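Q: heads up, no residue letters with this:
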């Protein structure tokens with residue numbers, strides 16, 4: 001599989017991509033996911049209008065680092081000229097490719113004809129994509145949904161038309177805009193895309209990949225060229241490592257220990273403080289969205305999360321994590337003594 005100069009070799013494990021997620025897939029989290037086995041990452045989506053107006057916050061989202069490559073920058077917008085100009089500006093950052101968001105279902109994006117809003121006007125989608133492909137030297141890919149709703153699924157037509165204008169891969173979240181994130185993703189459409197005789201660009205499947213077993217089933221049933229993992233990775237970058245291990249061995253890795261989870265939160269904090277432009281206090285607050293994932297599946301997971309929620313500064317968070325570790329060590333010591341006492 002190839003996008004621009006990036007090539008993934010054919011093997012027993014498909015390429016695994018971290019999906020673009022607003023306020024989640026920032027530089028710190030992207031790096032963690034690459035270290036845990038993600039083969040490529042995509043930035044949060046960035047407004048083309050904001051890039052043109054030189055909005056500092058948006059340009060900081062476009063900052064990428066060598067350690068996270070291969071990495072794509074994703075932009076969104078509903079008008080040709082701003083999107084073309086944003087694409088030209090992004091060239092200076094030199095991502096491995098440029099991704100266009102045609103899938104975001106959020107109302108404030110859709111109402112501007114951007115994101116999934118463009119699914120109601122496939123002619124405009126084609127024209128907008130062509131304009132960007134012709135205007136930039138970067139490889140261009142698209143991430144979209146099946147259609148506006150269940151009555152207007154046109155993903156086969158979309159794939160053909162966007163392939164014709166020159167995109168190099170198509171990532172498909174196998175839901176419609178109307179579905180939002182509810183219900184089961186309709187992966188049969190991924191299968192139809194791959195079976196379509198005239199579609200030859202790589203198809204990246206996205207939606208409901210939340211376990212190694214699910215990844216294996218979806219890949220071997222519908223045969224996409226790559227898998228894109230989104231919500232299951234939030235607070236759980238180990239998902240990439242676990243999927244690869246399962247594909248290679250047919251066995252499940254043991255889940256990370258509490259100690260491993262604590263160390264990952266510390267690493268996440270360290271990367272965020274170093275790579276993100278936010279004040280330290282805001283960095284700590286932003287990290288909270290990952291706590292559910294970091295402690296999922298552990299006994300007393302809610303209590304573990306709550307013990308960290310009161311931290312307001314990096315120092316307070318580190319102290320809370322150390323206290324968590326000590327409580328765990330004490331509890332483990334007591335459990336080990338119990339059999340001896342019973343004897």
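A: Received the coordinates, thanks. Only a predicted model underlies this, so the values are computations on that prediction, with no experimental measurement involved.

Q: what about stretch 266-277, distance to the chain center?
A: Centroid separation for stretch 266-277 versus its chain: 18 Å, with C-alpha atoms, centre = their mean, to the nearest Å.

Q: does residue 201 belong to a helix, a strand or coil?
A: Under the three-state scheme (DSSP: H, G, I helix; E, B strand; the rest coil), residue 201 adopts coil.

Q: buried stuff in stretch 200-210?
A: By 16 or more other C-beta atoms under 10 Å, the buried positions in stretch 200-210 come out as 201-209. (Each C-beta comes from the backbone N, C-alpha and C, glycine too.)

Q: list the contacts of it.
A: 1-3, 17, 19, 143, 159, 163, 167-175, 184-185, 187, 190, 193-194, 214-215, 218-219, 222, 224-232, 239, 243 (C-beta atoms under 8 Å, 6 or more residues apart in numbering).

Q: same thing with stretch 76-88?
A: So stretch 76-88 is contacted by 45-49, 51-52, 75, 98, 100-101, 104, 109, 112-115, 117-118, 127-128, 131-132, 135-136, 138, 140 (C-beta under 8 Å, 6+ apart).

Q: mind redoing it with 6 Å?
A: Stretch 76-88 has contacts (C-beta atoms under 6 Å, 6 or more residues apart in numbering) with 45, 48-49, 51-52, 75, 98, 101, 112-115, 128, 131-132, 135-136.

Q: how close does residue 196 sit to residue 224?
A: Noted for residue 196: a distance of 13 Å to residue 224, by C-beta to C-beta, to the nearest Å.

Q: of those two, give the one with the bigger neighbour count.
A: Neighbours per residue, other C-beta atoms under 10 Å: of residue 196 and residue 224, the larger number sits with residue 224, 25 against 14.

Q: Provide a list of residues in contact with the more buried one.
A: Here residue 224 is in contact with 190, 203, 205 (C-beta under 6 Å, 6+ apart).

Q: and residue 7, bridged to which residues?
A: In this entry, residue 7 is beta-bridged to residue 2, by DSSP bridges.

Q: got the buried residues of stretch 200-210 as JSON lines, with pLDDT columns?
A: Formatted as JSON lines, the buried residues of stretch 200-210 follow (pLDDT from 0 to 100):
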{"residue": "201", "pLDDT": "98"}
{"residue": "202", "pLDDT": "98"}
{"residue": "203", "pLDDT": "98"}
{"residue": "204", "pLDDT": "98"}
{"residue": "205", "pLDDT": "98"}
{"residue": "206", "pLDDT": "98"}
{"residue": "207", "pLDDT": "97"}
{"residue": "208", "pLDDT": "96"}
{"residue": "209", "pLDDT": "98"}
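
Q: ok, those vs residue 297, which is closest?
A: residue 209 (17.4 Å; C-beta to C-beta).

Q: returning to that earlier point: just send the contacts of residue 224 back as JSON lines, with distance to residue 276 too.
A: Putting the contacts of residue 224 into JSON lines (distance: C-beta to C-beta, whole Å) gives the following:
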{"residue": "190", "distance to residue 276": "34"}
{"residue": "203", "distance to residue 276": "32"}
{"residue": "205", "distance to residue 276": "30"}
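
Q: from residue 130, how far out is residue 317?
A: Distance from residue 317 to residue 130, by C-beta to C-beta: 48 Å.

Q: of the two, which one has the most company?
A: residue 317 (22 against 18).

Q: now that one: which helix or strand?
A: If you go by DSSP states H and E, residue 317 is part of helix 314-342.
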